[in-house]
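K.L.:
Take this sequence and fold it.
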Amino acid sequence: MSVLDNMLTKFIKIYNSNKQEELKRLGETKIKLLKKIEIEKEEYNLLQHDEQESLEKFKVLDRSYVELMDILRNKGMLFEISNKGQVLEEWDNLFVDNIKSKYYLKNKYGSIIHELEEEYKEPLKYILDRYSYSLLVIRIDKNKIKVQLRIM
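P.N.:
As a prediction, this is how the structure comes out:
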């Protein structure tokens, strides 16, 4: 063998060795990427499952919302407030006023007759912002006043 053949053989061995290492690295990268793809598929499937559950919950909540709004339209919602000798008569209209993030029931003269509890704040704000409403005194007893809220 000549010197040229030896050099060519060494070059081919080095080239072959480099390509083998590159193939090994590419194989390892392929394995890593396949594992990553499997993990991503699992996460995607979990997200799809969560999305389906969320859509089902939304449908249930939406149906409940529609039913509650129908009840408010057709039958209304009753409040019982204490009678503290306010100047009210049955069938008087009342009004809701928001003062410093609190909701108050006022009579036709503008006098505050009741402060609504904190638990009614968000639902009432939602109703008042989106619907016309009627708030009517339907019964006055010695200790209690019944008020009906209906949306239009």
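K.L.:
Give me the contacts around stretch 121-133.
P.N.:
Contacts with stretch 121-133, where a contact means C-beta atoms under 8 Å, 6 or more residues apart in numbering, come from Leu72, Val96, Asn98, Ser101, Lys102, Tyr103, Leu116, Leu149, Arg150, Ile151, Met152. No exception for glycine: its C-beta is placed from N, CA and C like everyone else's.
K.L.:
How is this protein divided into domains?
P.N.:
The chain resolves into domains spanning 1-75, 77-151 when parsed by automatic domain parsing.
K.L.:
next one: phi and psi at the spatially most central residue of the chain?
P.N.:
Nearest to the mean C-alpha position of the chain, by C-alpha atoms, centre = their mean, lies Phe58 at 8.8 Å. Per-residue torsions, Phe58: phi -60, psi -40 (degrees, to the nearest 10).
K.L.:
Tell me the confidence at it?
P.N.:
Note for Phe58: predicted pLDDT of 96.
K.L.:
Could you report the separation of Tyr104 from Asp92?
P.N.:
Distance of Tyr104 to Asp92, computed by C-beta to C-beta, to the nearest Å: 15 Å.
K.L.:
Lovely, talk soon.
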